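S.K.: Model the following, please.
(one chain, ligands or ions: 1)
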Amino acid sequence: VRKLFVIGIGTGNPEHLTVQAVKLLQTVDVVFVLDKGADKADLAHVRRELCERYIGHDHYSLIELQDIPRDARVESYVSRVEQWHDRRSSVYERALREHLGEDGRGAILVWGDPALYDSTLRILQSIVSQDRAAFEYEVVPGISSPQALAARHKIPLNRIGGAVHVTTGRRLQQGLPQCADDVVVMLDGDCAFQALAEPGLEIYWGAYLGTEHEILIAGPHARKKDEIVRARAAAKAKHGWIMDTYLLRRPVDAGEER
Ligand SMILES: C[S@@+](CC[C@H](N)C(=O)[O-])C[C@H]1O[C@@H](n2cnc3c(N)ncnc32)[C@H](O)[C@@H]1O
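M.R.: Next up, the predicted model:
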């Protein structure tokens, strides 16, 4: 039976790949990567480099799957994403049939960790549950962007006994959640942190974490937010793309007041 490894590759630093991932990569016949378009050419380059660096032989094929853009005409966000996942799952299914022999071993390289804001596992699960292609799969964890962020700022994500809430920029637009004093925000193309005005808030921001373009800014949110907006715009103009993640930290005694 076909075997597929879903491998988290970290957020750009080739040395973030685990030993488990490297060992498995050396055993596969095919490596699949999802090409998210020209803007992310740097990211595709990182993945190609990982294969060259760690596989150590050239009897494997690297298959770039073309990503499908979301259909902006579908109004509901959830329906739009569901439709997009359906179309992506057809791409995966076809690729598995075409490129992986009956007993073939393949790897799908996933940015960061596959468990965090990535659709690969949902898509594979739906293919398997509909019996659309016979294969087994395993997941190999990778370093996620919140982990990379915390490491680079040399901070733990939680305070003693505290909760950490991980959310998206889209949700942050509705305000800072009340369920945690430490909030990690991903997928924020619009600098949703700008609109917040909670006294005493700290921000730890990181862009291109793990890559050669990495930028880190940290400090009081009120004082740093404009600097981050400016740095983000300039870096995006320079590189043509940006990925950033940040932690918003309420002051220690904020919880007592709520
Ligand atoms: C589609 S999600 C993928 C997350 C990924 N699975 C992970 O574990 O980090 C993309 C978001 O991850 C964050 N991200 C990914 N790579 C990053 C990096 N190198 N630096 C900063 N943030 C990153 C950004 O918030 C970006 O919008």
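
S.K.: State whether residue 64 is indeed within a helix.
M.R.: No. Checked against DSSP: H, G, I helix; E, B strand; the rest coil, residue 64 lies outside a helix; its state is strand.

S.K.: So what's the residue count around it?
M.R.: By the criterion of other Cβ atoms under 10 Å, residue 64 has 14 neighbours. (C-beta placed from N, C-alpha, C; glycine too.)

S.K.: what's the distance between it and residue 217?
M.R.: Taking Cβ to Cβ, to the nearest Å as the measure, residue 64 falls 34 Å from residue 217.

S.K.: And for residue 151?
M.R.: Look at residue 151 and residue 217: by Cβ to Cβ, they are 16 Å apart.

S.K.: how close does residue 239 get to the ligand?
M.R.: 12 Å (Cβ to the nearest ligand atom, to the nearest Å).

S.K.: that older thread, for residue 151 and residue 217, indicate the residue with more neighbours.
M.R.: residue 217 (18 against 14).

S.K.: bridging residues for the more buried one?
M.R.: Beta-bridge partners recorded for residue 217 (DSSP bridges): residue 205.

S.K.: Need the pLDDT of it.
M.R.: pLDDT for residue 217: 98.

S.K.: Residue 58 now?
M.R.: The model reports residue 58 with a pLDDT of 86.

S.K.: Tell me the residue of the stretch 101-250 of the chain that sits nearest the ligand?
M.R.: Taking Cβ to the nearest ligand atom as the measure, the stretch 101-250 of the chain has residue 112 as its residue closest to the ligand, at 2.1 Å.

S.K.: Tell me how many other residues crowd the closest residue to that residue other than its chain neighbours.
M.R.: With sequence-adjacent residues excluded and distances taken as Cβ to Cβ, 6 or more residues apart in numbering, residue 112 is closest to residue 144, at 4.5 Å. By other Cβ under 10 Å, 26 other residues sit near residue 144.

S.K.: again, but for residue 149
M.R.: By the measure other Cβ under 10 Å, the count of residues near residue 149 is 25.

S.K.: Doesn't it lie inside a helix?
M.R.: Yes. Judged by three-state DSSP, residue 149 forms part of a helix.

S.K.: you'd agree it is up against residue 245?
M.R.: Yes. If you go by Cβ atoms under 8 Å, residue 149 and residue 245 touch, sitting 5.0 Å apart.

S.K.: Give me the common contacts of the two.
M.R.: Counting by Cβ atoms under 8 Å, 6 or more residues apart in numbering, the contacts common to residue 149 and residue 245 are 184, 206, 209.
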